[in-house]
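Asks: sequence and predicted structure, then a few things I'm wondering about:
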Amino acid sequence: MKSKLYSSSFILCLILSYVAGTLWSPWFLPLLWYFTWPLAMLLFFLVCFRASEKWTLPVLFILFFFVGVIRIQAQDYQHIEPGQKTFSALNGKVISFPEWNSQKQYYSFLCQVKSVQNLKNYRQNKNADFIVRVFTKENPPEKGMHIAFSAMLRSPRNFGNDREISLENYYRSRNILFTAFISPKRSWKLAGHPSSYQQFINHIRSSVLVLAGENMTSFTFSIFKSMILGHRLDFDSDSIESFKYLGVLHTLVVSGFHVGLVALLF
């Protein structure tokens with residue numbers, strides 16, 4: 001009798017956990033991480049010491065309720081295999097200055113996503129928290145802005161051979177889970193204004209750029225923008241080649257100096 005009761009209760013808890021996990025609300029998520037493991041330990045304690053059924057079954061029900069929420073929550077993050085893509089609507093905050101790629105003619109910036117909706121199966125996650133590198137052909141938003149846009153989410157994959165840098169590891173080390181490509185037919189929309197502090201910083205930064213542009217040469221100004229202000233939109237190709245040449249020269253000089261020191265020891 002007890003075995004049948006436990007079996008039916010177990011199956012019922014699984015079904016209810018699935019329904020509860022599917023219909024979870026955002027305010028319930030913080031409770032999930034605080035009570036899942038204590039409930040699991042309590043259930044283990046009750047089963048080991050053969051506690052009465054009036055305590056075991058409620059704990060079992062609550063435990064699988066949380067398990068269902070965890071399982072559905074994991075699906076909401078849209079685990080995409082490397083190279084696969086899905087069309088989604090995102091809402092988040094711009095956390096980096098835009099960069100300009102002169103070869104491919106597009107801007108890129110980082111966005112801290114706060115909510116995401118898979119437009120294919122209409123599943124929405126309002127408590128998302130991951131970073132996406134966004135590519136767009138139009139004018140990019142400023143750092144600190146809250147934007148909403150629809151784009152093609154893609155999990156990064158390696159395009160080169162094994163001896164080249166791993167694009168997947170590079171993005172993973174910076175907590176960038178996806179890349180998003182905004183179609184030229186679509187555009188991002190302003191979903192919120194930056195804080196007063198961020199607006200003040202952007203105002204000071206713009207004033208410094210204007211003042212430096214009036215008193216510096218183009219080469220010095222491009223170096224100042226990229227190294228001091230982190231602004232690399234107008235960093236011309238000649239400056240990049242000069243830095244590459246100086247980097248190689250610096251490496252050769254330091255290597256030669258070290259070889260000379262080793263030679264002096266013998």
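Replies: Nice, I can see it. Computed from a predicted model, the values in this text were never measured in an experiment.
Asks: checking K143 next. Helix, strand or coil?
Replies: Using DSSP: H, G, I helix; E, B strand; the rest coil, the structure places K143 in coil.
Asks: run a quick neighbour tally on it.
Replies: 19 (other Cβ atoms under 10 Å). For every residue, glycine as well, the C-beta is placed using N, CA and C.
Asks: then Q103?
Replies: When neighbours are counted by other Cβ under 10 Å, Q103 registers 6.
Asks: next up, phi/psi of it, please.
Replies: phi -70, psi -50 (degrees, to the nearest 10).
Asks: domain-wise, how is this protein divided?
Replies: Domains of the chain are assigned by automatic domain parsing as 2-76, 85-194, 203-252.
Asks: low-confidence ranges in this structure?
Replies: For the chain, applying pLDDT under 70 flags the ranges 1-87, 118-128, 157-166, 192-195, 197-199, 202, 226-237, 239.
Asks: can you map out the helices along it?
Replies: For the chain, applying DSSP state H gives helices covering 2-22, 29-48, 53-76, 167-173, 196-215, 218-227, 237-265.
Asks: could you say what helices and strands the last one packs with?
Replies: With contacts defined as 3 or more Cβ pairs under 8 Å, 6 or more residues apart in numbering; DSSP states H and E, the secondary structure elements packing on helix 237-265 are helix 218-227.
Asks: quick check: angle from the helix it packs on to helix 237-265?
Replies: Interaxial angle of helix 218-227 relative to helix 237-265 (axes from the mean of the first three to the mean of the last three Cα atoms, to 10 degrees): 70 degrees.
Asks: quick one: buried residues of helix 218-227?
Replies: Across helix 218-227, burial judged by 16 or more other Cβ atoms under 10 Å covers F221, S222, I223, F224, K225, S226.
Asks: name the helices or strands packed onto the longest strand anywhere in the chain?
Replies: Criterion DSSP state E: the longest strand present in the chain is strand 106-118. Judged by 3+ Cβ pairs under 8 Å, 6+ apart, strand 106-118 is in contact with strand 85-94, strand 99-101, strand 123-125, strand 130-136.
Asks: for the first one, which strands pair with it and how are they oriented?
Replies: The strands that strand 85-94 pairs with in its sheet are strand 106-118 (antiparallel), strand 146-154 (antiparallel) (by DSSP bridges).
Asks: for E99, which of the ones you listed is the nearest?
Replies: strand 106-118 (5.2 Å; Cβ to Cβ).
Asks: and the angle for that closest one with strand 130-136?
Replies: Using the same axes, to 10 degrees: strand 106-118 against strand 130-136 is 130 degrees.
Asks: you'd agree G92 is up against G144?
Replies: No: using Cβ atoms under 8 Å, G92 is not in contact with G144; the gap is 11.7 Å.
Asks: tell me which of those two has more neighbours.
Replies: Ranked by neighbour count (other Cβ under 10 Å), G92 and G144 place G92 first, with 25 against 17.
Asks: grab the nearest non-local neighbour of that one.
Replies: V113 (4.0 Å; Cβ to Cβ, 6 or more residues apart in numbering).
Asks: wait, that neighbour touches V132, no?
Replies: Yes: using Cβ under 8 Å, V113 is in contact with V132, at 5.4 Å.
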